[in-house]
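J.: Got a predicted structure here, sequence first:
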Amino acid sequence: MMCQRIGIPPISTIGLGRTDVSSPSRVPRPPARITVRIATPRHHFSTMTYPSPSARKPDGDSWPQRGVLLLILLLAAGLRVRGIGFGLPALNDPDEPLFMMKAVEMLQNHSLNPGWFGHPATITLYCLALVSLAVGGIGVATGRYMDSDAFVSAVYADPTILFLPARLFFAACGVACVYLTWRLGRRIGGAQTGLIAAAFLAVNAIHIEYSQVIRTDVQVSLFMLLCLSATIAIAENGRLRDYLWAGIFVGLGCATKWPAAVIALSPVAAGLWRIYRGSSDAGKLAGFVGSAIATLFVASPFLLLDYPTVIQNLTREARPMHLGATGGGFLANLAWYARGPLTASFGAAGLALAGLGTVVLALRNRVAAIALLPGVAGLCLLLCMQALRWERWLIPLLPFAAIAAGYALRMFAEMLRPRIDPAVRFLPPAAALLLMGPMLAAAQSRAVARANDTRQIASAWIRSHVPPGSSILVEHAALDLVSGPWKILFPLGSAGCVDARAMLTRRVGYGEVEKLRTGAPIVDLGNVDAGRIDGCRARFAILVHYDRYRDARAQYPSQWLRYARLTQGSILRSVITPANGLRAGPTVTIFERAP
């Protein structure tokens, strides 16, 4: 019998305790156990099947996964450290001097009061003060500087001494964001999602660029990622400690940059969802609010102690217009962000995947949707509603876009798994590598351009064409020219144009600069006191805002008149324009007056 040939009792005897009738003397074999395994896509979060889904439990770390993560982190670090000294000793980012001067002033004055709360940037300034203390302490201990005063003088003469270590600190913050993106992505969609998300963020051109400058954007992104991780734990378990940690991270984020307050929508939504489902989390949610407020004022106590300065700084930050950064309304801003920096850094395919992943996440992963989407959506709305628009404001959204793209890739693989070869598990990483090609190309293009900034090209032109003893007006922080054989003039609001070398020698402070700029958003020729404009006449003028004021003279008529008046009768010697993949920076216009 066929059943006997394959070692299974006849169907008529299975489970009846009878022997095979054809072999009455044989001891019956136990019935064979047949296991039927039904494979389904691993979407644990269908609200039609599971009434209260939980976020995906992280897959156990394997050595290959750890190895891939290590490679991604090394790649992220390499891309952020490469060329990190761009521009130095000149300072191309206008906000870097602000942060560094305030940090050094706190050390000089032995004070914890930053004296500036525009972002508010308190955490950033405290970190920079610690970096400055470490660099200066090592320099004094090794005998490079006689004392702290000599160290500060050396920094004013060559900012590279302090700015480079500070930039390295923010590069480390950028790598930490890549690691936290992996953790959050793995928590939401498994190991592949986490690794793909981390890889996408590691090679993102915008994230790389702003990890190389002294600003608040990357650092606040770190606290927001930590808050979202705690929020997922709230939605899953509702433990008090998770509420408190989420509040702490919201408070630290707000002490770094005000818009981090929007991320509080996520833990609030998670808490309300749990209350709606019958959990007694009202007190824990109140604990979250209390911990957020307490952390904010413990981390930045001078928000209360120096509130007049806070109000003054916030009033100046809330500007309806800014040269080159004025928005165009909600839809125009949304289109600008999507078509411009997001497409440029993720590529069209990567951005489409991020959009699809966001939709799928909202539909299939209830816990992740409740934990992430309220804060992320709130931040998107806030950015698009602003009167201004800046590329750097996207930084906190980039990790989520990377996670959503990784989630979409994994979803495609799970949809295809029942239909094609099991090797489909290699589809997400293979597709991710293909998508990373354009991202890496964009990162490389911007890195090359940063290393060849139009302002440094202008400095090279000056060294080649301007005779010693000439006077030069510069609109940017051209510290690479200060040591040269020329008189450098710099426009400074109500003071007119001042001698840059003398200003640095006496170690001008931020408070003095802020007072002289009289609330102007940009320190440039267009905002110099009209009565002092004649004092800005120099044989050569290196202007970095000339073309923008010329093109926007209808909105800035008084500023344009200053440029027109100063350059009247001058000879246009050179125009240095940016070019994608070749040169970064503003258009630099060089004029020469008759000697």
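T.: Sure thing, it's come through.
J.: Could you give me the buried positions within the longest helix seen in the chain?
T.: Determined from DSSP state H, the single longest helix within the chain is helix 160-189. Of the residues in helix 160-189, 160-163, 166-171, 173-189 count as buried by neighbour count, 16 or more other Cβ atoms under 10 Å. (Each C-beta comes from the backbone N, C-alpha and C, glycine too.)
J.: before we move on, what about stretch 519-528?
T.: Ala520, Pro521, Ile522, Val523, Asp524, Leu525, Gly526, Asn527, Val528.
J.: Same question for stretch 367-381.
T.: Buried residues in stretch 367-381, defined by neighbour count with 16+ other Cβ under 10 Å: 367-376, 378-380.
J.: Just the mean pLDDT for it, thanks.
T.: The average pLDDT within stretch 367-381 is 95.
J.: likewise stretch 460-479?
T.: The model assigns stretch 460-479 a mean pLDDT of 96.
J.: Please shift the residue numbers so they start at 55 in all later answers.
T.: Okay, residue one is now 55; in that scheme the one you just asked about reads as stretch 514-533.
J.: Pull that stretch out as PDB, backbone CA atoms only.
T.: Provided in PDB are the C-alpha atoms of stretch 514-533 (Å, rounded to 0.1, in the frame of the first residue of the first chain):
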ATOM      1  CA  ALA A 514      42.500  84.600  -4.100                       C
ATOM      2  CA  TRP A 515      41.700  87.300  -6.600                       C
ATOM      3  CA  ILE A 516      42.600  90.000  -4.100                       C
ATOM      4  CA  ARG A 517      45.900  88.400  -3.400                       C
ATOM      5  CA  SER A 518      46.700  88.300  -7.100                       C
ATOM      6  CA  HIS A 519      45.500  91.700  -8.200                       C
ATOM      7  CA  VAL A 520      45.400  94.200  -5.300                       C
ATOM      8  CA  PRO A 521      48.700  96.100  -4.500                       C
ATOM      9  CA  PRO A 522      49.900  96.300  -0.900                       C
ATOM     10  CA  GLY A 523      48.600  99.300   1.100                       C
ATOM     11  CA  SER A 524      45.300  99.400  -0.700                       C
ATOM     12  CA  SER A 525      42.000  99.700   1.200                       C
ATOM     13  CA  ILE A 526      39.400  97.000   0.700                       C
ATOM     14  CA  LEU A 527      35.800  96.900   1.800                       C
ATOM     15  CA  VAL A 528      34.500  93.400   2.500                       C
ATOM     16  CA  GLU A 529      30.900  92.500   3.400                       C
ATOM     17  CA  HIS A 530      31.700  89.000   4.800                       C
ATOM     18  CA  ALA A 531      33.900  87.800   7.600                       C
ATOM     19  CA  ALA A 532      37.000  87.600   5.400                       C
ATOM     20  CA  LEU A 533      39.400  86.900   8.200                       C
END
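J.: how far is stretch 515-531 from where the chain is centred?
T.: When C-alpha coordinates are averaged (Cα atoms, centre = their mean, to the nearest Å), stretch 515-531 and its chain have centres 35 Å apart.
J.: So what touches it?
T.: Here stretch 515-531 makes contact (Cβ atoms under 8 Å, 6 or more residues apart in numbering) with 144-146, 148, 151, 509, 535, 538-545, 551, 554, 578-579, 590-599, 627-628, 630, 644.
J.: State the distance from the residue lying closest to Arg561 once chain neighbours are set aside to Leu396.
T.: Nearest residue to Arg561, sequence neighbours excluded (Cβ to Cβ, 6 or more residues apart in numbering): Tyr210, at 5.3 Å. Plainly put, Tyr210 is 39 Å away from Leu396 if you go by Cβ to Cβ, to the nearest Å.
J.: Buried residues of stretch 606-614, list them for me.
T.: Neighbour-count burial for stretch 606-614, counted by 16+ other Cβ under 10 Å, picks out Ala606, Tyr610, Gln613, Trp614.
J.: For the closest residue to the second one other than its chain neighbours, grab the count of nearby residues.
T.: Across the structure, with Cβ to Cβ, 6+ apart as the measure, the residue nearest Tyr610 apart from its sequence neighbours is Tyr603 (5.5 Å). By the criterion of other Cβ atoms under 10 Å, Tyr603 has 25 neighbours.
J.: Same question for Val135.
T.: Using other Cβ under 10 Å, the number of residues around Val135 comes to 17.
J.: can you pull the contacts of it?
T.: Residues counted as contacts of Val135 (Cβ under 8 Å, 6+ apart) are Leu222, Ala225.
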